[in-house]
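Provide a 3D model corresponding to the input given below.
(one chain, ligands or ions: 1)
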Amino acid sequence: MINLILFGPPGSGKGTQAKTIVEKFDLTHISTGDLFRYEIGNNTPLGMKAKAFMDKGNLVPDEVTIGMLENKLNTSKNPNGYILDGFPRTIAQAEALDKMLDSRGTKVTHLIALDVDDEEIIRRILERGKTSGRVDDSDEKTIRQRIDQYNEKTSPVYDFYDKVGISKKVNGLGDLPEIFNRIYDALS
Ligand code: AMP
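Numbers count the residues shown, from 1 in each chain. Sure thing, here's the model as predicted:
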């Protein structure tokens, strides 16, 4: 079983690469950002709560996010495993994830971090914002806030899994197949 955390700052290409990895290894892709956007699209109470944080570039509170992720894991069982894209984003989320997987007799097997510098992130997200319709993709101030949240709350998750020897960094610059090959090598 592969349980891969695809890690890295916003705009580092996690979602794009996840799609290819999922096909190659027959995994289930879980993106908490996509799950929140689905809830927002359906005007659910959870979606409305999350939107207030997302539009400002802030993280949604742990209890909301962890509960949503657990529901998703319960309803999408896959013996081959999962790619988690955008989760965990805090140490509390990582601890909760480890407990959830432990109770299912499994664990996180890999964390692969896509390494991309801030200026490239801002360039990519502003470009995506031209078509994504996402409020949080549309102005530089919000994008910088997302990067700050990443540096402050999310980047420690790399060290959390590095302590158990499963964190790896991969260069996130280049064309898509090139980056995919680096991830593939890191998984093997
Ligand atoms: P993403 O699509 O992964 O860039 O996520 C978009 C936004 O959704 C983030 O900026 C957060 O506001 C929220 N979000 C997604 N995943 C999480 C998470 N694991 N914890 C807290 N907030 C999240």
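
Only C-alpha atoms from now on, for both contacts and neighbour counts.
OK.

So which residues on the protein come close to the ligand?
10, 32-34, 53-54, 57-61, 65, 86-89, 146 (C-alpha under 6 Å from any ligand atom).

Just the buried ones from those?
Burial by neighbour count, judged by 16 or more other C-alpha atoms under 10 Å, picks out 10, 32-33, 54, 57-60, 65, 86-89, 146 from those.

These in helices, which ones?
Those of those mapping onto helices are 32-33, 54, 65, 146, per DSSP state H.

per-residue confidence averaged over the helix or strand harbouring residue 49?
For residue 49, the element it lies in under DSSP states H and E is helix 45-54. Summarised as a single mean, pLDDT over helix 45-54 is 97.

Could you do stretch 172-185 as well?
On average, stretch 172-185 scores 97.

So what touches it?
12-13, 17, 20-21, 112, 114-116, 170-171 (C-alpha atoms under 8 Å, 6 or more residues apart in numbering).

Rebuild the residues you listed as TSV, extending it with secondary structure and neighbour count.
Shown next, in TSV, are the contacts of stretch 172-185 (DSSP: H, G, I helix; E, B strand; the rest coil; neighbours: other C-alpha atoms under 10 Å):
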residue	secondary structure	neighbour count
12	coil	24
13	coil	21
17	helix	19
20	helix	14
21	helix	18
112	strand	20
114	strand	24
115	strand	16
116	coil	18
170	strand	18
171	strand	14
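
on that earlier part again, can you tell me which helices and strands the helix holding residue 49 packs against?
With contacts taken as 3 or more C-alpha pairs under 8 Å, 6 or more residues apart in numbering; DSSP states H and E, helix 45-54 sits against helix 32-41.

Residue 111 looks like it's in a strand, true?
Yes. With DSSP: H, G, I helix; E, B strand; the rest coil as the criterion, residue 111 is located in a strand.

What residues does it make contact with?
4-7, 158, 161, 166-168.

Tell me, what's the model's pLDDT at residue 188?
Value for residue 188, per-residue pLDDT: 85.

and residue 114, bridged to which residues?
residue 170 (DSSP bridges).

so who does it touch?
Counted by C-alpha under 8 Å, 6+ apart, residue 114 has contacts 6-9, 12-14, 169-172.

Quick check, central residue of this protein?
Of all residues in the chain, the one closest to the mean position by C-alpha atoms, centre = their mean is residue 86, 1.5 Å from it.
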